[in-house]
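Asks: Dropping a prediction and its sequence here:
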Amino acid sequence: MKHTLAVLVENKPGVLTHISGLISRRAFNIESIAAGYTEEPDTTRITIVVEGNEIEQEQVVNQLSKLIDVIKISDLTAVESIQRELALIKVKASAATRSDIINIVEIFRASIVDVNRETMVIELSGDETKIDALCQVLEDDHGIIEIVRTGKIALSRGPVPAKDQ
Amino acid sequence: MRMTGAEAIIESLKNENVDVVFGYPGGAVLTLYDALYQADFRHILTKHEQGSVHAADGYARATGKVGVVIATSGPGATNLITGIATAYMDSIPLVAITGQVSVPLIGRDSFQEADIRGITTPITKHNYLVKKVEDLPGALKEAFHIARTGRPGPVVVDIAKDVFAASFDYQYPNEVKLRGYRPMCEGDSGMIDKVFAEMKLARKPLIFVGGGVNLSDSSEELKALIEQSGFPVISTLMGLGCVPNEHPQFLGMVGMHGTYAANMATTECDLLIGIGVRFDDRVTGLLSEFAAKAKIIHFDIDPAEINKNVLAHLRVVGDMRWSIPALSQQVKNVSADLTEQVRPWLEKVRNWHQEKPLTYEQGSDVVMPQAVVEKVSQLTQGDAVIVTDVGQHQMWVAQFYGFKNPRSLLTSGGLGTMGYGLPAALGAQCSLPDRPVILFVGDGGIMMNCQELAAVAEYNFPVKVLIFNNQCLGMVAQWQRMFYGGRYSHTSLKGSTTDFVKLAEAMGVAGLRVTKPEELEKVLEQALAIPGPVVVDIRIPEVLDVLPMVPAGACLDQMMMGGTEE
């Protein structure tokens, strides 16, 4: 089963190295990892999606918690949460195919952020399956040149922040 | 107070009550060494940085204090790696201060530059790179705090060369503020109640102690618990000494080279109470069959140890100085009932221990290594600080010395580092000048770091170095004999031209030799009577196995016993 963890860490140099190093040496199965600073400038929030059973998931949380710079970990799988990922997709687009791409983009509520004579860049945020679906259509009908995805970020519903959970 | 970064380090060491540092100078730490010189701070110069770090580790294990080691950037720092990893695996509190190239040179592949923070990340509890002198006092304060509290461990503080020379207003922080580090002292007392309830239900319980009891200095509290409960006790290698070997409830070491009784009791027990253990593969054998009939209770200060290797039915997370007395408090009220309830089981396991004790063939014309260990135990009344290297001799010492006191066996248990013994003995003797410190080492291991004989001689540390010379790499050869068809690939040292007596003498250490059993006692007495360091080259048979042995990955009850019983 997949678990989405919100990991609050000190915003200091070397913290990401400590975290990625731990994940690789303990051979944890990590699906995605996304980091950015938060409402408190000295805190970075890392969203980690980990695959594994309950015991494996407990080990990930316990081992990460041991890192001195890890302040708090909360498992957002256990609570109601909003989960999103952002993707930028560069797709082949000629004058002839542009309108079809625009239709697809509208259906997915994505947006076009760049156009030139041969390509378009599409921005989409949503859950993983939605992004996968858009990519599939674009690849089959038009051809994708490159994709970048942020990895999942997540926030719990309701008033309680992860740091207080 | 206005001072340089280097002077601030000395002041910080004094604030942390550090009385000695081990180290080796070099370019990046010149300014720090200048400050050490001017402050007349006690510094032990080893012959190699690896010697320094193992010495600091030996010092820490023997005293429970934080060991401090200093090395220069690049190769100086990378020479610490094996020692830091050794300390990490055995949870030993160390602070390693390393020089780094100057801030403007970092990241440019400068002379003697290595990314020591990156390199040590997987083998430290925490590490720092200090690039601003203002950050130095805080980093050192945190480093010592992190090294010694909670589950202890090594911390590296890498300091850029220009930071040592920079001036600033020094003030040592009174307290540390670490949002992500709050080691748990007192845990959930409700769990203690549950453990107590299980103890009352158990008919075949077993207490299983490890290095955590030694590290937390709670052997007295443990002894009370053991005696109140009447439960039999087994130990890991790292737990030896925290229950006296002759204690009537003690069954010895468990695991690959454990006693028959300890391994059988583990297999048969219905309740296993692990205290400060981490269920290492050398202990458990085949994990799925380990204590398969038992409910497992796990006491540890580190929550990440719970369910890492073995699934625990109950967990007690917290400092043993809290958890053991808390349990003991309840147990003492029903002491008589509990003792009565487990008496048949205790008798059964004690019978196993008496019927199949640790044994070895007595050689009439050869010196048996087990006999040497027993003789040393007798001559020192089991009261010496014993240091070992790694291999067959390490297991014979664990089996036959008969440890009485906590912190009296200093050995690289987790990492199994050959070359650890001699410098660790140096560090232990430095901290305990009046205690006998005896090193057991093989003829293979002594050559890894034998340069420290010179350091031992120059400081006149009276370490007794007993070399078990079997002219081979004994433990590897044993595996080759048992599992590789006797093909002794590169484990024979028969071609060795090294004369250990002359090697010792060349470095200023007295050298003695034992080749016949009748010489043993006299030479050992002579060695112990010499006030300075001594090397004794003890010739033992080449083909000897450490037994009993549970082959790697087998069940604990599948021991090869060998010896006189077959």
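Replies: Sure thing, it's come through. What you see is a predicted model, and the numbers here were worked out from it, not measured in a lab. Numbering: from 1, shown residues only, chains lettered A, B, ... in the order given.

Asks: starting at the chain centroid, how far to the worst-scoring helix or strand of chain A on mean pLDDT?
Replies: None of the helices or strands of chain A scores lower by mean pLDDT, DSSP states H and E than helix A:15-25, at a mean of 89. Counting by CA atoms, centre = their mean, to the nearest Å, helix A:15-25 is centred 18 Å from the centre of its parent chain.

Asks: That one packs against which elements?
Replies: If you count contacts as 3 or more CB pairs under 8 Å, 6 or more residues apart in numbering or on different chains; DSSP states H and E, helix A:15-25 packs onto strand A:2-10, strand A:30-37, strand A:43-51, helix A:54-66. C-betas here are computed from N, CA, C, even on glycine.

Asks: Need those in TSV (columns: distance to B:Leu466 and mean neighbour count).
Replies: Output for those, formatted as TSV (distance: least, CB to CB, whole Å; neighbours: other CB atoms under 10 Å in any protein chain shown):
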stretch	distance to B:Leu466	mean neighbour count
strand A:2-10	48	21
strand A:30-37	49	15
strand A:43-51	50	21
helix A:54-66	39	18
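
Asks: so which of these gets nearest chain B?
Replies: Nearest of the helices and strands packed on helix A:15-25 to chain B, taken as CB to the nearest CB: helix A:54-66 at 3.7 Å.

Asks: Tell me the helix or strand right after that closest one.
Replies: Using DSSP states H and E, the helix or strand that follows helix A:54-66 towards the C-terminus is strand A:70-75.

Asks: buried ones in that next one?
Replies: Buried residues in strand A:70-75, counted by 16 or more other CB atoms under 10 Å in any protein chain shown: A:Val70, A:Ile71, A:Lys72, A:Ile73, A:Ser74, A:Asp75.

Asks: One more: stretch B:92-100?
Replies: Buried, per 16+ other CB under 10 Å, within stretch B:92-100: B:Ile92, B:Pro93, B:Leu94, B:Val95, B:Ala96, B:Ile97, B:Thr98, B:Gly99, B:Gln100.

Asks: could you measure B:Leu13 against B:His48, distance?
Replies: When distance is defined by CB to CB, to the nearest Å, B:Leu13 is 22 Å away from B:His48.

Asks: just B:Ala197 next, same as before
Replies: Counting by CB to CB - B:Ala197 and B:His48 are separated by 54 Å.

Asks: ok, those two, which is more surrounded?
Replies: Taking other CB atoms under 10 Å in any protein chain shown, B:Ala197 and B:His48 do not tie; B:His48 has more neighbours (16 against 12).

Asks: what's the pLDDT at B:Tyr420?
Replies: Looking at B:Tyr420, its pLDDT reads 98.

Asks: What number of residues are in the vicinity of the spatially closest residue to it that is not a sequence neighbour?
Replies: Nearest residue to B:Tyr420, sequence neighbours excluded (CB to CB, 6 or more residues apart in numbering or on different chains): B:Ser412, at 4.3 Å. B:Ser412 has 30 neighbours, counted by other CB under 10 Å.

Asks: Next up, the contacts around B:Ser412.
Replies: B:Ser412 makes contact with B:Thr86, B:Met89, B:Asp90, B:Asp389, B:Val390, B:Tyr420, B:Ala424, according to CB atoms under 8 Å, 6 or more residues apart in numbering or on different chains.

Asks: now with 7 Å?
Replies: B:Thr86, B:Asp90, B:Val390, B:Tyr420 (CB atoms under 7 Å, 6 or more residues apart in numbering or on different chains).

Asks: Quick check: which element contains it?
Replies: Short version, using DSSP H and E: B:Ser412 is in no helix or strand.

Asks: Farthest pair within the buried residues of strand A:70-75?
Replies: The span of the buried residues of strand A:70-75, defined through CB to CB, is set by A:Ile71 and A:Asp75 at 15.2 Å.

Asks: gap between the residue nearest to B:Tyr420 and B:Gly138?
Replies: For B:Ser412, the distance to B:Gly138 - CB to CB - is 32 Å.

Asks: domains of the chain?
Replies: By default, I'm working from chain A. A:2-79, A:83-149 (automatic domain parsing).

Asks: Oops, wrong one, chain B.
Replies: Here the domain assignment for chain B is B:2-169, B:189-355, B:369-545, based on automatic domain parsing.

Asks: Now the ones you listed in JSON lines, please, with extra columns for distance to B:Gly180.
Replies: JSON lines is the format used below for these (distance: least, CB to CB, whole Å):
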{"stretch": "domain B:2-169", "distance to B:Gly180": "10"}
{"stretch": "domain B:189-355", "distance to B:Gly180": "14"}
{"stretch": "domain B:369-545", "distance to B:Gly180": "25"}
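
Asks: Which one, of these, ends up nearest to A:Asp127?
Replies: domain B:189-355 (31.1 Å).

Asks: who wins for neighbours among the contacts of B:Ser412?
Replies: B:Tyr420 leads the contacts of B:Ser412 on contacts (other CB under 10 Å) with 30 neighbours.

Asks: Pull the contacting residues for that one.
Replies: Per CB under 7 Å, 6+ apart, neighbours of B:Tyr420: B:His54, B:Thr86, B:Asp389, B:Val390, B:Ser412.

Asks: now, which of those residues sits nearest chain A?
Replies: Looking across these and measuring by CB to the nearest CB, the closest to chain A is B:Thr86, at 16.9 Å.

Asks: Excluding chain neighbours, what is closest to residue 127?
Replies: In the absence of a named chain, chain A is used. A:Gln83 (5.9 Å).

Asks: Chain B, not that one
Replies: The shortest distance from B:Asn127 to any non-neighbouring residue, by CB to CB, 6+ apart, is to B:Val156 (4.1 Å).

Asks: before we move on, back to that, report the entries of the buried residues of strand A:70-75 that also contact chain B.
Replies: A:Val70, A:Ile71 (CB under 7 Å from any CB of the partner chain).

Asks: element containing B:Asn127?
Replies: strand B:126-130.

Asks: Now the element after that strand, going C-ward?
Replies: helix B:136-148.

Asks: ok, that next one near chain A or not?
Replies: Yes. Helix B:136-148 reaches chain A (CB under 7 Å from any CB) through B:Ile146.

Asks: Next, the angle from that helix to strand B:126-130.
Replies: Using axes from the mean of the first three to the mean of the last three CA atoms, to 10 degrees, the direction of helix B:136-148 lies 170 degrees away from that of strand B:126-130.

Asks: now the end-to-end length of stretch B:453-462.
Replies: 11 Å (CA to CA, to the nearest Å).

Asks: Can you mark which positions in that stretch are buried?
Replies: B:Leu453, B:Ala454, B:Ala455, B:Val456, B:Ala457, B:Tyr459, B:Phe461, B:Pro462.

Asks: SS state for the third one?
Replies: Spelled out, it's B:Ala455. helix (DSSP: H, G, I helix; E, B strand; the rest coil).

Asks: For the residue of chain B found nearest chain A, which non-adjacent residue is closest in space?
Replies: Nearest residue of chain B to chain A: B:Ala304, at 3.7 Å (CB to the nearest CB). Once flanking residues are discounted, B:Ala304 sits nearest to A:Asn62: 3.7 Å by CB to CB, 6+ apart.

Asks: Pretty sure the one you found sits against B:Pro303.
Replies: Yes. Counting by CB atoms under 7 Å, A:Asn62 does reach B:Pro303; the two are 4.9 Å apart.

Asks: for A:Ile101, phi and psi?
Replies: Backbone torsions for A:Ile101, taken as degrees, to the nearest 10, come to phi -60, psi -40.

Asks: surely it meets A:Lys92?
Replies: No. Under the contact definition of CB under 7 Å, A:Ile101 does not touch A:Lys92, with a separation of 9.2 Å.

Asks: higher neighbour count, those two?
Replies: The residue with more neighbours, out of A:Ile101 and A:Lys92, is A:Ile101; 22 against 16, by other CB under 10 Å.

Asks: For that one, list the residues it contacts.
Replies: Per CB under 7 Å, 6+ apart, neighbours of A:Ile101: A:Val91, A:Ala93, A:Met120, A:His142.
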